[in-house]
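J.: Quick check, what structure comes out for this input:
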Amino acid sequence: TLELARRHYQELMQQGPALSNPQSTRDYLTLRLRDLDYEVFCCLYLDNRNRVKACEELFRGTLDGATVHAREVVKRALAHQAAAVILAHNHPSGIAEPSHADEILTRRLKEALALVDIRVLDHLVVGDGHCISFAERGLL
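T.: Take a look at the predicted model:
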């Protein structure tokens with residue numbers, strides 16, 4: 001049933017209006033990332049009306065980290081012709097609190113994507129049933 005829920009949210013996200021409700025985005029990403037035993041960094045690619053064009057897992061790491069390359073994030077966003085992105089990753093420890101390294105990475109990605117006119121709308125960190133938004137915390 002968990003897989004059915006994931007598919008349902010994927011369909012909702014790609015229909016467009018789902019992003020008018022940030023909670024649907026959080027719910028989808030929480031379902032997708034929370035039960036993994038390793039860290040995953042993914043990206044939602046959005047058009048100029050903030051409709052989801054695609055969601056991709058870009059990097060897979062270990063129990064306590066994943067190496068994220070700004071060049072690859074920019075390359076994939078350009079390939080999807082994204083106007084904006086929502087970044088997301090999980091913390092397999094279950095603690096959704098963003099680390100200092102997460103803040104530095106977000107700043108680097110935002111700067112790199114800005115060079116090609118792609119906006120970062122949010123970076124979500126998923127833990128056990130919790131999802132922390134950089135945008136809501138004023139960290140973007």
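J.: And the contacts of stretch 86-101?
T.: 25, 29, 33-34, 36-44, 46, 63-66, 68, 73, 102, 106, 109, 120-128, 130-132, 134, 137, 139 (CB atoms under 8 Å, 6 or more residues apart in numbering). Any C-beta I mention is one placed from the backbone N, CA and C, and that applies to glycine too.
J.: Can you tell me the strand partners of the helix or strand containing Y45 and which way each runs?
T.: Using DSSP states H and E, Y45 sits within strand 40-46. If you go by DSSP bridges, strand 40-46 pairs up with strand 52-60 (antiparallel), strand 84-90 (antiparallel).
J.: and these as JSON lines, adding mean pLDDT, mean neighbour count and distance to P98?
T.: Listed next are the strands paired with strand 40-46 as JSON lines, based on pLDDT from 0 to 100; neighbours: other CB atoms under 10 Å; distance: least, CB to CB, whole Å:
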{"stretch": "strand 52-60", "mean pLDDT": "93", "mean neighbour count": "17", "distance to P98": "17"}
{"stretch": "strand 84-90", "mean pLDDT": "95", "mean neighbour count": "25", "distance to P98": "10"}
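J.: which residues of this structure fall in helices?
T.: Using DSSP state H, the helices of the chain run over 2-14, 22-33, 70-79, 100-114.
J.: Tell me which residues touch K110, please.
T.: So K110 contacts V120, L140 (CB under 8 Å, 6+ apart).
J.: in the chain, which helix or strand is least confident?
T.: Least confident helix or strand, the chain: helix 2-14 with a mean of 55, by mean pLDDT, DSSP states H and E.
J.: which one of the helices of the chain has the lowest average pLDDT?
T.: The minimum mean pLDDT among the helices of the chain belongs to helix 2-14 (a mean of 55).
J.: separation between E136 and L121?
T.: From E136 across to L121, the span is 11 Å (CB to CB, to the nearest Å).
J.: actually G129, not the one I typed
T.: Counting by CB to CB - G129 and L121 are separated by 23 Å.
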